[in-house]
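J.: I would like to see how this sequence folds:
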Amino acid sequence: MTDNKYKYVIVGAGLAGATAVENIRKLDPDVSILLIGREKHLPYHRPPLSKKLWAGKVTVGDIKIQAQDFYDANNIIVELNTEIAALDIPGKAVTSIANVDYEYEKLLIATGAVPRKLEIPGGNLSGVVYYRDLDDFIRLRQAAVVNSTAVVIGGGYIGPEIAASLHENGVDVTLVIRGKYPAKKILPKTVGFALSYKYTNRGIKILTDDEPVSIEKTDENYITATKNGAHLTSDIVVVGVGVLPDVPWAQKMGLEFDNGLLVNEFLQTSVPDIYAAGDIANYPDKTLGFRRRVEHWDNAFHQGITAGKNMAGANESYDYLPYFFSDFFDFGFEAVGEVDSRLETYTDWQEENVKGVIYYLKNNQVRGVMMVNIWSQVDAAREIIRKGGKITVGDLRGAIK
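T.: A predicted model of the protein is given here:
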């Protein structure tokens, strides 16, 4: 037994966890809440780490979700620099790596995701940046001086985003990607090649259909060798090749797992008093009709709301259809639904490859929508997806402007 007893324990001080805490407190104003975070920082928003912080549009202080005063005023205990190592389901407790036990009545696991590592010689070298958190930004921002050189590995979201931000801060960038163009999983071929041209036209070198096979550290720099025979010398190596749900201790202790912790419509795991939200939660998407795990800001925010409310007794179904967004230089977009380049696509351009809407279809039904440099139309896109039914190209032309 332990003196550390709380009605609510939230493991994971990211957006989902911090939002859950706020919503628990709205419904349950007096009871004890513990928020446990592995990092040394109070909860913060992650999207600025690869975008606005680099452009100087916000500061590190601006990206906090709440200041310490909020937690103090609401009697919320925050334990930072604390990593959980074990879960005792019968005993309703979690244990930190420092062997401290925390008992709960309701538990939320919102530990997010961890970067996927390169399993190559030199993949774990000190100084190779697996870009994910605020400390990564601080370290990389200090190293990214004008006229320095960087090799960025990964063609999904983080790789192209950070390549653009480094370039705009005077760094000579080489981007190494497995596909033929950046963001291959979501962009149709013609759009992807147009995006690739935007990068190369600005001076970023892109090695396509390639990947690193080793990284070597010398006294002054790094040498990255690739499958196709390139040897790239750089001051900086940044890796963004995807993430994995960060739940080893929870999975090990018996919670049902399949590409994330399996949750029901109320975000409860296979143990009803344990909830999961954010990047780690594999949830039933009612609109799309299948389970999925979403690694984006909007989903973490809204699942945090629902999980917090439900832990406090609201019993609300999570039927929200989250959107996601990114900026690759001047190619900015908001997207919702099943955005998968393997689907049939229809592009309704106002200006080709610059401004317009990409529709993703399966069996003549709209499954996803990407709006390129068209803003504040996510609800309209959601309505088209939810409406369902067979649709023609004529129906889509000009449907979103």
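J.: after the helix or strand hosting H167, next one along is what?
T.: Element membership for H167, per DSSP states H and E: helix 158-168. On the C-terminal side of helix 158-168, the closest following helix or strand by DSSP H and E is strand 172-176.
J.: just to revisit the earlier point, show me how far the helix holding H167 is from its chain's centre.
T.: Once both centres are worked out by Cα atoms, centre = their mean, to the nearest Å, helix 158-168 turns out to sit 16 Å from its chain's centre.
J.: please parse this protein into its domains.
T.: 5-114+243-311, 129-239, 330-396 (automatic domain parsing).
J.: got JSON lines for these, with distance to G123 too?
T.: Heads up, the C-betas are built off the backbone N, CA and C, glycines and all. Listed next are the domains of the chain as JSON lines, based on distance: least, Cβ to Cβ, whole Å:
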{"stretch": "domain 5-114+243-311", "distance to G123": "14"}
{"stretch": "domain 129-239", "distance to G123": "6"}
{"stretch": "domain 330-396", "distance to G123": "28"}
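J.: dump these to TSV, plus distance to G122 and mean pLDDT.
T.: Listed next are the domains of the chain as TSV, based on distance: least, Cβ to Cβ, whole Å; pLDDT from 0 to 100:
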stretch	distance to G122	mean pLDDT
domain 5-114+243-311	19	96
domain 129-239	3	97
domain 330-396	31	96
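J.: so which of these comes closest to Y318?
T.: Nearest of the domains of the chain to Y318, taken as Cβ to Cβ: domain 5-114+243-311 at 4.6 Å.
J.: would CSV of the domains of the chain with mean neighbour count and distance to P121 be doable?
T.: Listed next are those as CSV, based on neighbours: other Cβ atoms under 10 Å; distance: least, Cβ to Cβ, whole Å:
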stretch, mean neighbour count, distance to P121
domain 5-114+243-311, 19, 21
domain 129-239, 19, 4
domain 330-396, 17, 32
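J.: the ones you listed: which one's closest to Y323?
T.: The nearest among those, by Cβ to Cβ, is domain 330-396 at 4.1 Å.
J.: distance from the chain centre to that closest one, please.
T.: Using Cα atoms, centre = their mean, the offset of domain 330-396 from its chain centre is 21 Å.
J.: got the end-to-end distance for it?
T.: From its first residue to its last, domain 330-396 covers 25 Å (Cα to Cα, to the nearest Å).
J.: same for the strand or helix carrying V237, what does it pack against?
T.: Element membership for V237, per DSSP H and E: strand 236-239. For strand 236-239, the packing partners by 3 or more Cβ pairs under 8 Å, 6 or more residues apart in numbering; DSSP states H and E come out as strand 129-130, helix 134-143, strand 149-153, helix 158-168, strand 222-226.
J.: whichever strand or helix holds F301 packs against which elements?
T.: Here F301, judged by DSSP H and E, is contained in helix 297-311. If you count contacts as 3+ Cβ pairs under 8 Å, 6+ apart, helix 297-311 packs onto helix 15-27, strand 101-109, strand 274-276, strand 323-328.
J.: those into CSV, with extra columns for distance to G356?
T.: Formatted as CSV, those follow (distance: least, Cβ to Cβ, whole Å):
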stretch, distance to G356
helix 15-27, 30
strand 101-109, 40
strand 274-276, 37
strand 323-328, 15
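J.: which one of those lies nearest to E220?
T.: strand 323-328 (30.8 Å).
J.: strands paired with the closest one, and their directions?
T.: Here strand 323-328 is paired, per DSSP bridges, with strand 331-337 (antiparallel).
J.: the strand it pairs with versus helix 297-311: what angle between them?
T.: 40 degrees (axes from the mean of the first three to the mean of the last three Cα atoms, to 10 degrees).
J.: what sits up against the very next helix or strand once past strand 331-337?
T.: Counting by DSSP H and E, the next helix or strand C-terminal to strand 331-337 is strand 344-351. Strand 344-351 is contacted by residues 188, 190-191, 355-362, 374, 393, 396-401 when judged by Cβ atoms under 8 Å, 6 or more residues apart in numbering.
J.: other SSEs contacting the helix holding H167?
T.: Right, helix 158-168 is packed against helix 52-55, strand 149-153, strand 172-176, helix 189-202, strand 236-239, strand 323-328 by 3+ Cβ pairs under 8 Å, 6+ apart.
J.: possible to save these as a markdown table with distance to W249?
T.: Output for the helices and strands packed on helix 158-168, formatted as a markdown table (distance: least, Cβ to Cβ, whole Å):
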| stretch | distance to W249 |
| --- | --- |
| helix 52-55 | 31 |
| strand 149-153 | 29 |
| strand 172-176 | 33 |
| helix 189-202 | 39 |
| strand 236-239 | 25 |
| strand 323-328 | 28 |
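J.: and G12, which of the ones you listed is closest to it?
T.: Once these are compared by Cβ to Cβ, strand 323-328 is nearest, at 19.7 Å.
J.: starting at the chain centroid, how far to that closest one?
T.: Distance, centroid of strand 323-328 to centroid of chain: 11 Å (Cα atoms, centre = their mean).
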